[in-house]
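Enquirer: Whatever this is, show me its structure:
(chains A, B and C)
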Amino acid sequence: MPDASNYKITFEPELIQEIENRGKVQKITAGSTFLDIGDAVRNMPLIMHGTIKVMRQDEEGHELLLYYVNPSESCAMTFTCCMQQYPSEIRAVAETDVEMILLPISVMDEWLVKYPTWKAFVMKTFKNRFDELLRNIDQIAFQKLDDRLVLYLKQISKSTGSTLVNLTHEQIATDLGSSRVVISRLLKRLENDRRVILYRNQIKLMASL
DNA sequence: ACATTAAGTGATT
DNA sequence: AATCACTTAATGT
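Expert: Residues are numbered from 1 along each chain as shown, chains lettered A, B, ... in the order given. Predicted coordinates:
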């Protein structure tokens, strides 16, 4: 039986019970795609451990990082897709090894009226994601790429709890929807300003960042 | 020693 | 800021 105790603060005991009764545990390994663009959404994931990376892709196959889904969260996009059975607009890839509880989408409607905390949870994930997307739009529209890069690096280091970021310039570029050359140049400038130190496959963030 | 992959750089659009 | 073309550096076999 799944253990939903992660969510004790969020949900009332009866709801925790229901989640544990009706949910199934699924583990996915780092790097595997758990939902691709066009796939049908059949389950509502509740993340227990790990991080899922949600991204979008344009016609030429360029990827753009949308957001991360962390433990005690669910994906706002799956709400919108699964309620009306629309195919997924996004791709979700396990950033780390991930453990989650899958809930049948049929419980959505039912719980929405039955459990106030469930409704609050759904609304909160919507609001959080919406706020974040707005911020991202601001960034893309109004901010220069170097600011975005700095923010990106800070976010990574915050979520890994380390000042060492183990990514290639190439990977960063695809996340930010840019090209490797550009990222390399920006990073070089940051290094000249003593805000980072560059290694192969690794970037050390300095306190001055 | 050689091949492969990551990163650096000038020139062009 | 993106792309091309090329160089240099690091790493694996």
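
Enquirer: C-alpha only now, for contacts and for neighbours.
Expert: Will do.

Enquirer: Next secondary structure after the helix-or-strand element of chain A with minimal mean pLDDT?
Expert: Taking mean pLDDT, DSSP states H and E as the measure, the helix or strand of chain A with the lowest value is helix A:76-84, at a mean of 74. Where DSSP states H and E defines the elements, the next helix or strand beyond helix A:76-84 is strand A:91-94.

Enquirer: Other residues contacting that following strand?
Expert: A:28-37, A:50-56 (CA atoms under 8 Å, 6 or more residues apart in numbering).

Enquirer: What's the PyMOL syntax to select whichever of those are buried?
Expert: Buried members of the contacts of strand A:91-94, defined by 16 or more other CA atoms under 10 Å, are picked up in PyMOL with:
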select buried, chain A and resi 28+33+35+36+50+51+52+53+54+55+56
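
Enquirer: Give me the phi and psi angles of the residue nearest in space to the middle of chain A.
Expert: In chain A, the C-alpha nearest the mean C-alpha coordinate belongs to residue A:68, at 1.4 Å (CA atoms, centre = their mean). The phi and psi values for residue A:68, taken as degrees, to the nearest 10, are phi -110, psi 150.

Enquirer: give me phi/psi at the nearest residue to it once chain neighbours are set aside?
Expert: Counting by CA to CA, 6 or more residues apart in numbering, residue A:68 lies nearest to residue A:53, which is 4.6 Å off, once chain neighbours are set aside. With angles defined as degrees, to the nearest 10, residue A:53 sits at phi -100, psi 130.

Enquirer: now residue A:53, which residues is it bridged with?
Expert: With DSSP bridges as the criterion, residue A:53 is bridged to residue A:68, residue A:93.

Enquirer: shaky segments in chain A?
Expert: Along chain A, segments meeting pLDDT under 70 span A:1, A:59-61, A:81-83, A:141-142.

Enquirer: so where do the strands sit in it?
Expert: Per DSSP state E, chain A has strands spanning A:24-28, A:33-35, A:43-49, A:52-57, A:63-69, A:91-94, A:98-104, A:164-165, A:196-199, A:202-205. These are given in chain order.

Enquirer: In CSV, list the ones you listed along with distance to DNA strand C.
Expert: As requested, the strands of chain A are exported to CSV (distance: least, CA to the nearest atom of the strand, whole Å):
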stretch, distance to DNA strand C
strand A:24-28, 25
strand A:33-35, 25
strand A:43-49, 29
strand A:52-57, 14
strand A:63-69, 11
strand A:91-94, 21
strand A:98-104, 26
strand A:164-165, 14
strand A:196-199, 7
strand A:202-205, 9
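
Enquirer: Which helix in chain A has the most residues?
Expert: As assigned by DSSP state H, the longest helix anywhere in chain A is helix A:116-142.

Enquirer: How about the contacts made by residue A:80?
Expert: Neighbour list for residue A:80: residue A:86 [criterion: CA under 8 Å, 6+ apart].

Enquirer: List the buried residues for the longest helix of chain A?
Expert: Of all the residues in helix A:116-142, those buried under the rule 16+ other CA under 10 Å are A:117-118, A:121-122, A:125-126, A:129, A:136.

Enquirer: Compute the inter-axis angle for that helix and strand A:63-69.
Expert: Interaxial angle, helix A:116-142 versus strand A:63-69 (axes from the mean of the first three to the mean of the last three CA atoms, to 10 degrees): 150 degrees.
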